[in-house]
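Engineer: Could you work out the structure for the sequence below:
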Amino acid sequence: MDKLPVLRVGTDPVRIQVESEADVIMTFRGYAPILNVTVLDTSEKHILYISARSLSQELEKRREKNDGKFSGLKLSVKKESEARTAQYIVEDIQ
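Structural biologist: Residues are numbered from 1 along each chain as shown. Sure, this is the predicted structure:
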């Protein structure tokens, strides 16, 4: 299987649909949790790292409301600022 590109989230909202349950991949720092996602505006497939606390907390709220599943969630994701440690802002979309 070809490795999917990493979705880089900036200050502009990115509309995504989650296509998988959480998985892990090996990085130079060890294992990192990811989701497979599709960018809705382009239909491009990516992986999204989900270890950031601000992102994982928002995802967990939505996973719990979605019968314990990430798959199928439709979200708008962006960062609060350009800073590397900026908080993620997550909103539900239809």
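Engineer: gap between residue 27 and residue 34?
Structural biologist: Per Cβ to Cβ, to the nearest Å, residue 27 is found 10 Å from residue 34. The way it works is simple: take the backbone N, C-alpha and C, and place the C-beta from them, glycine included.
Engineer: okay, those two: which has more neighbours?
Structural biologist: More crowded of residue 27 and residue 34, by other Cβ atoms under 10 Å: residue 34, with 21 against 11.
Engineer: Helix, strand, or coil at the closest residue to that one other than its chain neighbours?
Structural biologist: Residue nearest to residue 34 in three dimensions, not counting chain neighbours: residue 47, with 4.6 Å by Cβ to Cβ, 6 or more residues apart in numbering. At residue 47 the chain is in strand, as set by DSSP: H, G, I helix; E, B strand; the rest coil.
Engineer: Check residue 55 too.
Structural biologist: helix.
Engineer: separation between it and residue 35?
Structural biologist: 10 Å.
Engineer: cool, and residue 72?
Structural biologist: Separation of residue 72 from residue 35 (Cβ to Cβ) stands at 11 Å.
Engineer: which residues does the residue nearest to residue 34 form a beta bridge with?
Structural biologist: residue 6, residue 36 (DSSP bridges).
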